[in-house]
Structure formats: structure tokens, C-alpha cells
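Trainee: give the three-dimensional model of this entry:
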Amino acid sequence: ARGRELGKEEDFHPELESLDGDLDPGLPSTEDVILKTEQVTKNIQELLRAAQEFKHDSFVPCSEKIHLAVTEMASLFPKRPALEPVRSSLRLLNASAYRLQSECRKTVPPEPGAPVDFQLLTQQVIQCAYDIAKAAKQLVTITTREKKQ
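Mentor: Numbering: from 1, shown residues only. Have a look, this model is predicted:
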């Protein structure tokens with residue numbers, strides 16, 4: 001099946017891959033997308049602050065807030081967007097939020113006292129957060145551009 005080579009991160013959002021039905025040209029209002037993006041950004045800033053202050057125990061709750069904000073943002077868009085840039089941005093948004101959650105869960109070692117490489121983990125977390133912000137920004141740009149036409 002196409003899409004399998006993309007790895008595990010795609011599995012949790014299958015409706016973006018199965019484009020059997022009609023593509024939906026509809027787009028949410030720019031205002032709604034901007035509002036949700038601001039929520040995502042605010043939560044990312046909170047996570048980055050936690051990273052700077054070495055508050056690793058805040059990673060999981062922060063990632064859950066980000067995941068929720070991302071889910072709300074993604075739900076503004078149709079299940080099968082007609083525009084490829086919307087589909088790819090939503091994929092990046094969802095995959096990065098999913099990866100962020102699994103990275104943040106690594107702050108809790110599998111067994112007590114097991115070493116955790118917080119430096120590497122923090123780098124991964126920041127990369128995920130950056131990808132989420134990038135995808136959200138792309139969605140704002142696309143929506144703004146399409147609504148002007």
C-alpha cells in the first residue's frame with residue numbers, strides 16, 4: 001500500500017491517506033486558522049520555556065496541550081482536502097504532534113533510575129515543536145492565499 005514507507009507516524013491519521021472519496025475544496029476561515037495557530041504557538045512557547053528551564057517533568061503535560069491544539073486546528077479542515085499543500089501540511093502537523101508526544105514520554109524512564117539523555121531528548125522535542133509551528137504557519141499562508149482569490 002502506498003504510504004507505508006512513510007513510517008509509523010502516518011498510521012494514526014489514515015483519512016489523509018485514503019483519498020478514495022471526493023476531495024473537498026472547502027477551507028476554514030482565515031480567522032479560525034489564525035486563532036488555532038495562536039493556541040498551538042502559545043503551547044509550543046510554554047514547552048520551549050520548560051526546555052530552557054530544564055523542567056523535563058513539564059514536557060508531557062505541555063505536549064498533551066499541543067496535541068489537543070493541533071487536533072482542534074486539524075479538525076477545521078475537511079477530511080479530504082482538495083489542495084495537496086493542505087494535505088501535506090496537515091500530515092506534517094499531525095505527524096509532528098504525534099512524534100512530540102512520544103518523545104516527551106521518554107522523560108519518564110521505562111524503569112526507575114534508568115538514564116535519560118535529556119540533552120538529546122530536548123533537541124528532538126524542539127525539532128518536533130519547530131515542525132509543528134512550520135506546518136501551522138503553512139496552513140495559515142495557504143488559507144490566506146486561497147481566501148483572497
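Trainee: quick one: I44 and I132 touch, right?
Mentor: Yes - contact criterion Cβ atoms under 8 Å: I44 and I132 qualify, at 6.4 Å. From N, CA and C alone the C-beta is placed, and that goes for glycine too.
Trainee: neighbour count winner among the two?
Mentor: For I44 versus I132, the count of surrounding residues by other Cβ atoms under 10 Å is larger for I132: 28 against 24.
Trainee: so that one is in contact with T71, correct?
Mentor: No - with contact defined as Cβ under 8 Å, I132 does not count as touching T71 (11.8 Å).
Trainee: show me where this protein has strands.
Mentor: Read by DSSP state E, the chain holds no strands at all.
Trainee: scan it for its longest helix.
Mentor: In the chain, assigned by DSSP state H, the helix with the most residues is helix 118-148.
Trainee: need the overlap of contacts for I44 and I132.
Mentor: Common contacts of I44 and I132 (Cβ atoms under 8 Å, 6 or more residues apart in numbering): I66.
Trainee: related to what we said a few turns ago, which neighbours do I132 and T71 share?
Mentor: Common neighbours of I132 and T71 (Cβ under 8 Å, 6+ apart) are A97.
Trainee: residues touching the residue of the chain positioned farthest from its centre, list them.
Mentor: Computed with Cα atoms, centre = their mean, the residue of the chain farthest from its C-alpha average is G113, at 30.6 Å. Neighbouring residues of G113 by Cβ under 8 Å, 6+ apart: there are none.
Trainee: and the gap between it and K55?
Mentor: From G113 across to K55, the span is 20 Å (Cβ to Cβ, to the nearest Å).
Trainee: go on, L139?
Mentor: Look at L139 and K55: by Cβ to Cβ, they are 29 Å apart.
Trainee: more crowded one of those two?
Mentor: L139 (28 against 13).
Trainee: tell me the pLDDT of that one.
Mentor: pLDDT recorded at L139 is 98.
Trainee: who touches the spatially closest residue to it that is not a sequence neighbour in this structure?
Mentor: Nearest in space to L139, with sequence neighbours left out and distances taken as Cβ to Cβ, 6 or more residues apart in numbering, is S89 at 5.0 Å. Applying Cβ under 8 Å, 6+ apart, we find S89 in contact with A135, Q138, L139, I142.
Trainee: closest to L83 out of those?
Mentor: Nearest to L83, judged by Cβ to Cβ, of these is I142 at 6.7 Å.
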